[in-house]
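*Asks:* 3D, please:
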Amino acid sequence: MENNLPSSNAGQSMGIVALIFGVIGVLAAFIPCFGFIAVIFGVLAIVFGAIALHQAKKENAPTSLPKAGLYLGIAATIFVFIWVAIFVGSVGSMALEHKDEIQRALDSVKVEKIQTDDSLNIKVQVDTTTIEATVK
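*Replies:* From the prediction side, this is the model:
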């Protein structure tokens with residue numbers, strides 16, 4: 001009869017590290033403006049979890065900690081991508097709704113720049129039209 005009991009603790013310490021990084025990543029994913037930090041912790045949890053899982057399977061050790069860290073790292077990374085997609089989508093839709101106002105604001109900035117450059121007697125180039133200032 002073959003004994004299938006765990007024979008070592010291989011991968012357990014890296015599994016704990018992956019679990020800690022995964023928990024931090026998931027928590028940071030729900031804090032606004034901390035998505036980049038959550039991605040870093042999520043990717044680290046995935047890397048450490050995958051390495052620990054490989055070591056644990058190779059040595060017939062328990063795989064629960066490495067799997068938990070790996071899954072939490074994947075969840076943290078997915079949460080961040082969802083938040084980024086929501087943010088980019090909302091900013092994009094707001095920009096499309098206010099396209100005319102944004103264009104007017106950009107045009108007024110160009111006009112103010114031309115007036116400032118003219119008052120300083122500087123050669124100004126706007127798109128393809130060149131305006132030269134004359135000294136009086």
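
*Asks:* Just the pLDDT for the closest residue to residue 21 other than its chain neighbours.
*Replies:* Excluding its sequence neighbours, the residue lying closest to residue 21 (CB to CB, 6 or more residues apart in numbering) is residue 45, at 3.8 Å. Heads up, the C-betas are built off the backbone N, CA and C, glycines and all. Predicted confidence (pLDDT) for residue 45: 95.

*Asks:* Repeat that for residue 55.
*Replies:* You'll see residue 55 listed with a pLDDT of 91.

*Asks:* Count the residues that sit near it.
*Replies:* Other residues within reach of residue 55, judged by other CB atoms under 10 Å, total 20.

*Asks:* coming back round to it: what's the distance between the residue nearest to residue 21 and residue 58?
*Replies:* Distance of residue 45 to residue 58, given as CB to CB, to the nearest Å: 20 Å.

*Asks:* Looking at these two now, which is surrounded by more residues?
*Replies:* residue 45 (30 against 11).

*Asks:* Next up, identify which helix or strand that one is on.
*Replies:* In the assignment (DSSP states H and E), residue 45 maps to helix 35-58.

*Asks:* So which residues make contact with that helix?
*Replies:* 10-15, 17-19, 21-22, 24-26, 28-29, 31, 61-63, 65-77, 79-80, 83-84 (CB atoms under 8 Å, 6 or more residues apart in numbering).

*Asks:* Please consider this matter closed, and thank you.
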